[in-house]
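*Asks:* Structure for the following, please:
(2 chains)
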Number of protein chains: 2
Amino acid sequence: MKIIVDAFGGDNAPLEILKGSRLAVEELGVDILLVGDEAKIRKCAEENSVNISGMEILQADKIFEMEYDPRSVMKEHADTSLAVGMNALVEGKGDAFVSAGSTGAIVVGATFIVKRIKGVKRAAIASIMPSQKGPFMLLDCGANVECKPEHLCQFASMGSIYMKNIIGVENPQVGIANIGVEPNKGTQLQLDTYEMLKDSNLNFIGNAEVRDIAYGAGDVIVADGFTGNVILKMYEGVAGALSKRIKGVFKKNIISMISYLGVKKGMDDFKSSMDYKEYGGAVLLGVRQPVIKAHGSSDARAFKNAIRQAVGCVNKNVIGQITENIGE
Amino acid sequence: MKIIVDAFGGDNAPLEILKGSRLAVEELGVDILLVGDEAKIRKCAEENSVNISGMEILQADKIFEMEYDPRSVMKEHADTSLAVGMNALVEGKGDAFVSAGSTGAIVVGATFIVKRIKGVKRAAIASIMPSQKGPFMLLDCGANVECKPEHLCQFASMGSIYMKNIIGVENPQVGIANIGVEPNKGTQLQLDTYEMLKDSNLNFIGNAEVRDIAYGAGDVIVADGFTGNVILKMYEGVAGALSKRIKGVFKKNIISMISYLGVKKGMDDFKSSMDYKEYGGAVLLGVRQPVIKAHGSSDARAFKNAIRQAVGCVNKNVIGQITENIGE
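*Replies:* Residues are numbered from 1 along each chain as shown, chains lettered A, B, ... in the order given. Below is the predicted model of the structure:
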């Protein structure tokens, strides 16, 4: 198996990407095709003693910058590592594509270069997130700001296939992100989706009250891309702001710093259970080949986990199963 | 000044409501008109030694239960303390109404019994929430699941008036809750609202990235009621779930419990800065008289703060200012 890696995506490229790729070779036994400027890749690897021997390199002169219009990935910036990598996937130069670059460009590229599975109406950004009961999948996290009920139903199917095969949840519980559990809550979108999912063959548990999401409200939570993105970012923002404050409490004086030692183990366990990077990145569900969006802030370990996620998608034939279940 | 208090709203009624009313009499020097079953009120006060002498009581036989249809506050359950209190406000028996009861019923009652200010298109639930930079107002938090740009613009005006007069923010910064700061982010609602607010006389700062809300992204954040409710509940849910986990870390063993003593002061300060109950409840903005929805879980202090908020609305003539600014 060969994974195509955008060596110039994300805040810590190329160094952490190269290190993560190295870890993937060692721990997962996969082949890696690095995409980017070969001279820069070799220089970075050498300077930091990262062993990239055995990895192929596909030349791409430019970097897709965060401020570029996502649609420019198609033409104007088709010479960037993100675009060249996505095209290499379509040309069969590898089995999956992983990038920590621009989410918008990855969505555009996945939809128009890799293309949707026939019958899938919308591709979704599906994120694995932590809850007190374990990881769950939230989709769509922002590929489609506006959605129809039939889109959410397809998201529910695709998310169930993923959670079952990659995370190992036997009969994934599907819920609609909503402002209450009662069937009459929400806008017309949630009302209509409720009726459609009720009659589906999925393990539909009704509306997932947004207040309960962090406690664990379902294995697959579906939402339109605007709402999903709000949920994702409120989760990250509130958790981040609170963590910062609590760190400040411990750093206040010598007594608080000593006190930290007494809870360090518990705090570390807590932090690691909250660390969504453990599960990889976000996966673009509904397109014809596996495309993984690693977190922009990925370090080597997070990027390796995103590669592991790509490997899982290939091994478990997630695309084939989605095609079989909802493709035409 | 006389505040009308629903003695039978919320999880801790009537005891904490009576205690909170007592605190309000002592600390704020206001008169209180308690609404509810007089025999039960007197019995509860006596058994718990709460001094309610000097408070008037308006008889209402029933309690508005949480599972009732909110619209039933108009007719079928017009004999409940919530409905009787709301009608007493309209009849001039007091200057403001405070209840910790059903949010839905309070919205219906405020809109159809107290009625909207002429020219105000929608009443909004406006909540004061904590951020790292201080309190901010989020509206609408759920009165209107779907909204038009002109509604959000009115929310922006009303929120600015409140933040200036009640919280004391000189020139309140107004932002639109959105999935990015760029003007082209969001659905048509956010795009159109952006254009309208840009040309307003408010201190519009553009889109408020949802990820930044807990850090402090503006003094007044406007959203449709669905999105606002999602933000409110994600905030409460994530903060609640994390706090529970951290409590668990400290309670783990004798060493962690001792460690807590070293950070107790800092943790207490942190908790109190996160405690939105300090600022009272949610205010129904856009109606003709002050209506405050106290948190359902209000204890005596939280309920007293909701009464203080009502007093502030009366003293600062918030209704008059809204009428002058956006009324017809």
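
*Asks:* is any part of stretch A:143-157 close to chain B?
*Replies:* Yes - judged by C-beta under 8 Å from any C-beta of the partner chain, stretch A:143-157 and chain B are in contact via A:V145, A:E146. C-beta: built from backbone N, CA, C; applies to glycine.

*Asks:* For stretch A:139-153, what is the distance to the chain centroid?
*Replies:* Computed by C-alpha atoms, centre = their mean, to the nearest Å, the separation of stretch A:139-153 from the middle of its chain amounts to 16 Å.

*Asks:* From start to finish, how long is that stretch in a straight line?
*Replies:* The separation between the terminal residues of stretch A:139-153, taken as C-alpha to C-alpha, to the nearest Å, is 11 Å.

*Asks:* Can you list the buried residues in it?
*Replies:* Within stretch A:139-153, the residues that count as buried by 16 or more other C-beta atoms under 10 Å in any protein chain shown are A:L139, A:D140, A:C141, A:G142, A:A143, A:N144, A:V145, A:C147, A:P149, A:H151, A:L152, A:C153.

*Asks:* ok but A:I3 is inside a strand, no?
*Replies:* Yes - per DSSP: H, G, I helix; E, B strand; the rest coil, A:I3 lies within a strand segment.

*Asks:* before we move on, the earlier item: just the closest of the buried residues of stretch A:139-153 to B:V283, please.
*Replies:* Taking C-beta to C-beta as the measure, B:V283 lies nearest A:V145 of the buried residues of stretch A:139-153, at 30.3 Å.

*Asks:* distance of A:A24 from chain B?
*Replies:* Here the criterion is C-beta to the nearest C-beta, to the nearest Å. By it, A:A24 lies 29 Å from chain B.

*Asks:* can you pull up the bridge partners for the residue nearest the centre of chain A?
*Replies:* Geometric centre of chain A, nearest residue: A:A282, 0.6 Å, by C-alpha atoms, centre = their mean. For A:A282, the beta-bridge partners are A:S127, A:K293 (DSSP bridges).

*Asks:* hang on, isn't it packed against A:C141?
*Replies:* Yes - using C-beta atoms under 8 Å, A:A282 is in contact with A:C141, at 6.3 Å.

*Asks:* any residues in contact with both of the two?
*Replies:* Residues touching both A:A282 and A:C141 (C-beta atoms under 8 Å, 6 or more residues apart in numbering or on different chains): A:I125, A:A126, A:S127.

*Asks:* contacting residues for the second one?
*Replies:* Spelled out, it's A:A126. A:137-141, A:155, A:158-159, A:162, A:282-285.

*Asks:* Apart from its neighbours in sequence, what residue is nearest it?
*Replies:* Among residues not flanking A:A126 along the chain, A:L139 sits closest, at 3.8 Å (C-beta to C-beta, 6 or more residues apart in numbering or on different chains).

*Asks:* Next, the contact list for the one you found, please.
*Replies:* By C-beta under 8 Å, 6+ apart, the residues touching A:L139 are A:124-127, A:155, A:158-159, A:220-223, A:228, A:285.

*Asks:* Include pLDDT and secondary structure when you put the residues you listed into TSV, please.
*Replies:* Shown next, in TSV, are the contacts of A:L139 (pLDDT from 0 to 100; DSSP: H, G, I helix; E, B strand; the rest coil):
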residue	pLDDT	secondary structure
A:A124	97	strand
A:I125	97	strand
A:A126	97	strand
A:S127	95	strand
A:F155	98	helix
A:M158	97	helix
A:G159	98	helix
A:V220	98	strand
A:I221	98	strand
A:V222	98	strand
A:A223	98	coil
A:G228	98	helix
A:L285	97	strand
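
*Asks:* A:K265 and B:C44, how far apart?
*Replies:* Distance from A:K265 to B:C44, counting by C-beta to C-beta, to the nearest Å: 47 Å.

*Asks:* give me the element the nearest residue to A:V210 once chain neighbours are set aside is part of.
*Replies:* Distance criterion C-beta to C-beta, 6+ apart; nearest residue to A:V210, sequence neighbours excluded, is B:K233 at 4.3 Å. Assessed by DSSP states H and E, B:K233 sits inside helix B:225-250.
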